[in-house]
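[1] The following block contains a protein sequence and its predicted model.
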Amino acid sequence: MTFVLRRLVLLVPTALGVTIIAFFMIHLIPGDPARTILGIHATPQKIAILHHQWGLDRPLADQYWLFMDRLLHGNLGQSLYYGTSVGGLITSRLPPTLWLIIYAGVLGVVISIPLAMIAATRKDGIRDHVVRVVPLLGLGMPSFWLALILQTVLAVKYRLFPVTGYGSGILGHLHTMFLPSLTVAIALCPVVIRSLRASMLNVLGADFVTTARAKGIPGHRLFVRHVLRNAVIPAVTVLGINIGFLIGGTVIVEQVFAVPGIGNLMINSIFQRDFPVVQAVALVFGIMVVLVNLLTDMAYAALDPRVRFDR
Amino acid sequence: MINRTALAKTLIAGSALALLAGCGSGPASSNNSSNSSGPVHGGNLIFANPQDAQSFDESTVFDNNSIWILEQITQPLYTVTSDGKGVMPWLATGYTASADKKTYTLSLRPGVKFSDGKPMTSADVKFSLDETRAASAGWGYIDSAIASVDDPSPLTVVIHLKFPWAPLLADLSLFANGIVPNNYGGKTAAQFYQAPIGTGPFKWDYWHKGQAVKLVRNPYYWQKGLPYLNSVTWTDVPSDNTRELQIKGGQAQIDQFPSWATVSSLKATPGVNMDLFNSTETNYLAFNENVKPFQDVHVRRAISLAIDREAIIKAVLFGNGQPANSLFPPQVPYYDPSTPGYQYNLTAARQQMAQSSVPHGFTTTILIPAGNSDYATISTILQAELKPLGIKVNVQTLDPNTANGDFQSEKYDMSLTLWTMDIPDPDELATFGLDPKSGAKSFFTSYDNPTVVKDVHAAEVTTTPAVRQSLYNVVQTDAAQDAFMAFLYYSPYPYVTTSNVHGFFVTPLGNYHMQDVWISK
């Protein structure tokens, strides 16, 4: 419990660091939201009016202080582009991103475990080589390209899934978000499969497995209860780290599949120089990565009782 | 040993894919090219748009995506004709003008109701025009000739002008002069524009920002029997490829602006129609006259003469455009087809260069926004085409926001830019492009020809069409001969629709009337 609390407290400096980096990085990039919004109708007078309305005519330090002051009061500010509350925007756009990450994680596990089992039980056989090599294509293929192939084949040719969107209702989300989640999962699988396969091979050679076999425990039970449970522990760490990494990578997938998540919001807001939204989304992404790492550690503890964080 | 049954059980998870494919609702119904005997009511149409809407505050929004959606909700007193060159009565039925052309009395169409069922009156019109006029950071300038608006009776509006103003009806046809309820129906402006109310064929349903805007049929619409559709939804799909796949997959019915590279293949794709609507979009190469040697008219002319516009159209638009000869596009009233805009003539270009202050050439930079493949292609062509004149062109690629900012701040040598008309009158473009004292500093070039400026403003206060035509002819000729920008090409608006969509038409100004659109069974 102390460990969890300590990690949660660590969120504060992490979040602070994210706010500083996000705030100053976005202001370092040249560009002006007033010009974007006014487009070709921008004149110095109109730009000045908008700058004053938004407080962009104040010194940068003042703007950061104002941002932090609002943040500490639970207010993420107003979107310059949409003219609405940033908190509301993020609240409405967070569920699709969470769906994408969780769904991709689940698909990654569902795909990786059987394939790793095939590879481990047929070490150095043809199946093993196929399982080790073929998923690497997913790792090497750009996600936008993989997405295009999946859309063309499964959505346009066979019409099994919608080309884009988020869907409505649980079944609608499961159906619509399958292709984007699969795209993310395919990039996730190769590392997990390799890690899981290596762990399984280690465990399969362990003395306790030989003993269990000698005691006549059926193969299926032996594999699920003894081999898989022990082998999955290092793979959980690998999966957690990669999910943390993929949180940033979902922005591309969200764009291609028009998933209305915060990654999509981030990209649009960067182009529009919508400073408050970029800062807030960066903060949310930072917190999500820390939380995923925390959950990974907790899952590790749950799977392996020998691990005691409190010590 | 590990038995195969165990593995088989584990692998059953893989069959979930097949189950998932059956989950949820399937894609929208497939394209159906069957012809119907006439328009039918019903159906929900989905647009795949490259961008989300930005705002629905008609007095301040400049974003076309927002404007074209908003026009289905609110309507102005006059609207643009389908050829984009005139106006026709819309919420007004007609007008009379005083002898001095400073007072216009407009009759309002009886029986018009807002989508909440309340009747539209002159008080609503007065309020709407006054609100737009007051928008200092918005479209207020378009109504700057209006001194005041009166509402003497429920169906009569009187507009008093500061001076005679020829573009008045064109200005009134602008979406920003759309009619909204008096005092925003008791709300603040901010509250009202969260779900605006108007007299248009559709009314507000929802806007999920960054996802979709949905409008539904207005039961009180003043044109009986219209609209045909139950609803229209504009979805935000930034990727060109994804929009195309949505159309092919039947998930959307209209793709706004497919990439030019796909136009010919889409024309040959069964189940879809690839339409190229006449537009007022004109692309230019701007010269910054604050930077040497672009003050030199011979340099500007030489560059204009060295550009092979047909080659650019072939490379960028895949042949779907025409070379520009004037600042004005052909779909604008008073466009002069005989305007002597410079066309490709390398010999003449060399002669102009020889007369210039830099006869042996110079090094310069062209500013383009990152991610714009059309402009990248044009820049490459320009590099090659200006080389024979001894002009070395470096391409400066900046992110779109920064490039736009630098262009408008005149921090560039040469830059590519474009224009589309907002009103069916050339005044807006002429002032924006040719008057250095306008906010846009002659299209951000600092071009200053006092004779041109005088003629531009004379055409504003002259209400006789023949006189305006002769003034604009001179303006177009002078601007072309000064080569303050190289007029590159006119391009159409590309739209893809599924073949069961009928009645969709885009005016040269980019507006469309969704009231006329229907979906065949």
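    On my side now, so go ahead. What you are looking at is a predicted structure, and each value in this text was computed from that prediction instead of being measured. Residues are numbered from 1 along each chain as shown, chains lettered A, B, ... in the order given.
[2] Find the nearest non-adjacent residue to B:Asp374, please.
    Once flanking residues are discounted, B:Asp374 sits nearest to B:Val316: 4.7 Å by Cβ to Cβ, 6 or more residues apart in numbering or on different chains. Placement of C-beta: from N, CA and C, glycine included.
[3] hang on, that neighbour packs against B:Asn372?
    No - the criterion here is Cβ atoms under 8 Å, and B:Val316 misses it with B:Asn372 at 10.3 Å.
[4] Name the residue in these two with the higher neighbour count.
    B:Val316 (23 against 15; other Cβ atoms under 10 Å in any protein chain shown).
[5] who are the neighbours in contact with that one?
    B:Trp260, B:Asp374, B:Thr377, B:Ile378, B:Tyr489 (Cβ atoms under 8 Å, 6 or more residues apart in numbering or on different chains).
[6] Show me where the stretch 401-521 of chain B has its strands.
    Listed in chain order, the strands of the stretch 401-521 of chain B (DSSP state E, counting those that start in this stretch) span B:414-419, B:485-498, B:501-502, B:518-519.
[7] Same check on chain A?
    Using DSSP state E, no strands are found in chain A.
[8] hang on, the earlier thing: out of the contacts of B:Val316, flag the one nearest to B:Asp427.
    B:Tyr489 (23.3 Å; Cβ to Cβ).
[9] Which residue lies closest in space to the closest one, excluding its sequence neighbours?
    Distance criterion Cβ to Cβ, 6+ apart; nearest residue to B:Tyr489, sequence neighbours excluded, is B:Gly321 at 4.7 Å.
[10] And the residue of the stretch 151-300 of chain A closest to chain B?
    A:His175 (3.0 Å; Cβ to the nearest Cβ).
[11] So that residue sits against A:Tyr166, correct?
    No - judged on Cβ under 8 Å, A:His175 makes no contact with A:Tyr166 at a distance of 10.4 Å.
[12] Count residues in the vicinity of the spatially closest residue to A:Val184 that is not a sequence neighbour, would you?
    Sequence neighbours aside, A:Ala104 is the residue nearest to A:Val184 in space, at 3.6 Å (criterion: Cβ to Cβ, 6+ apart). Applying other Cβ under 10 Å, we find 26 residues neighbouring A:Ala104.
[13] Surely A:Ala104 is in contact with A:Phe245?
    No - the criterion here is Cβ under 8 Å, and A:Ala104 misses it with A:Phe245 at 11.9 Å.
[14] For the residue nearest to A:Val184, give me its contacts.
    By Cβ under 8 Å, 6+ apart, the residues touching A:Ala104 are A:Pro180, A:Ser181, A:Leu182, A:Thr183, A:Val184, A:Ala185, A:Leu188, A:Ile243, A:Leu246, A:Thr250.
[15] Kindly reformat those residues as JSON lines containing neighbour count.
    JSON lines is the format used below for those (neighbours: other Cβ atoms under 10 Å in any protein chain shown):
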{"residue": "A:Pro180", "neighbour count": "30"}
{"residue": "A:Ser181", "neighbour count": "27"}
{"residue": "A:Leu182", "neighbour count": "25"}
{"residue": "A:Thr183", "neighbour count": "30"}
{"residue": "A:Val184", "neighbour count": "27"}
{"residue": "A:Ala185", "neighbour count": "23"}
{"residue": "A:Leu188", "neighbour count": "27"}
{"residue": "A:Ile243", "neighbour count": "25"}
{"residue": "A:Leu246", "neighbour count": "21"}
{"residue": "A:Thr250", "neighbour count": "27"}
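[16] Of those, which belong to helices?
    A:Pro180, A:Ser181, A:Leu182, A:Thr183, A:Val184, A:Ala185, A:Leu188, A:Ile243, A:Leu246, A:Thr250 (DSSP state H).
[17] what's the closest of the residues you listed to B:Ile46?
    Using Cβ to Cβ, A:Pro180 is the member of these that lies nearest B:Ile46, at 18.9 Å.
[18] show me the residues around the closest one that make contact.
    A:Leu100, A:Ala104, A:Ala147, A:Val253, A:Glu254, A:Val256, A:Phe257, A:Val259.
[19] Let me know the average pLDDT across stretch B:73-84.
    Across stretch B:73-84, pLDDT averages out at 97.
[20] Wait, B:Val112 touches B:Leu91, no?
    Yes - B:Val112 lies in contact with B:Leu91 (Cβ under 8 Å); the separation is 5.9 Å.
[21] So between these two, which is more surrounded?
    Between B:Val112 and B:Leu91, counted using other Cβ under 10 Å, the more crowded position is B:Leu91 (26 against 21).
[22] Contact partners for the closest residue to that one other than its chain neighbours?
    Distances taken as Cβ to Cβ, 6+ apart put B:Leu77 closest to B:Leu91, at 5.0 Å, once the chain neighbours are dropped. Going by Cβ under 8 Å, 6+ apart, B:Leu77 touches B:Pro89, B:Trp90, B:Leu91, B:Ala92, B:Leu106, B:Leu108, B:Val125, B:Val157, B:Leu172, B:Ser173, B:Asn177, B:Ile179.
[23] 6 Å instead, please
    B:Leu91, B:Ala92, B:Leu172 (Cβ atoms under 6 Å, 6 or more residues apart in numbering or on different chains).
[24] Now render the contacts of A:Pro180 as CSV, adding pLDDT.
    CSV is the format used below for those (pLDDT from 0 to 100):
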residue, pLDDT
A:Leu100, 95
A:Ala104, 94
A:Ala147, 93
A:Val253, 92
A:Glu254, 92
A:Val256, 91
A:Phe257, 92
A:Val259, 92
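[25] from those, which two are the most distant?
    A:Ala104 and A:Val256 (13.9 Å).
[26] for chain A, longest helix please?
    Looking across chain A with DSSP H, the single longest helix is helix A:86-121.
[27] Now do that one: distance to the chain's middle.
    Its chain's C-alpha centre and that of helix A:86-121 lie 8 Å apart, by Cα atoms, centre = their mean, to the nearest Å.
[28] can you pull the contacts of the most centrally placed residue in chain A?
    Central residue of chain A (Cα atoms, centre = their mean): A:Ile247, 2.2 Å from the mean position. Counting by Cβ under 6 Å, 6+ apart, A:Ile247 touches A:Met288, A:Val289.
[29] for A:Gln279, same thing?
    For A:Gln279, the contacting residues are A:Ala22, A:Phe23, by Cβ under 6 Å, 6+ apart.
[30] mind redoing it with 7 Å?
    Neighbouring residues of A:Gln279 by Cβ atoms under 7 Å, 6 or more residues apart in numbering or on different chains: A:Thr19, A:Ala22, A:Phe23, A:Ile26, A:Phe67.
[31] coming back round to it: which positions within the longest helix of chain A qualify as buried?
    Judged by neighbour count using 16 or more other Cβ atoms under 10 Å in any protein chain shown, the buried positions of helix A:86-121 are A:86-87, A:89-90, A:92-94, A:96-97, A:99-101, A:103-105, A:107-121.
[32] same check, this time on stretch B:350-362
    B:Arg350, B:Gln352, B:Met353, B:Ser356, B:Val358, B:Pro359, B:Gly361, B:Phe362.
[33] overlap between these and the residues near chain A?
    Among the buried residues of stretch B:350-362, not one lies near chain A by Cβ under 7 Å from any Cβ of the partner chain.
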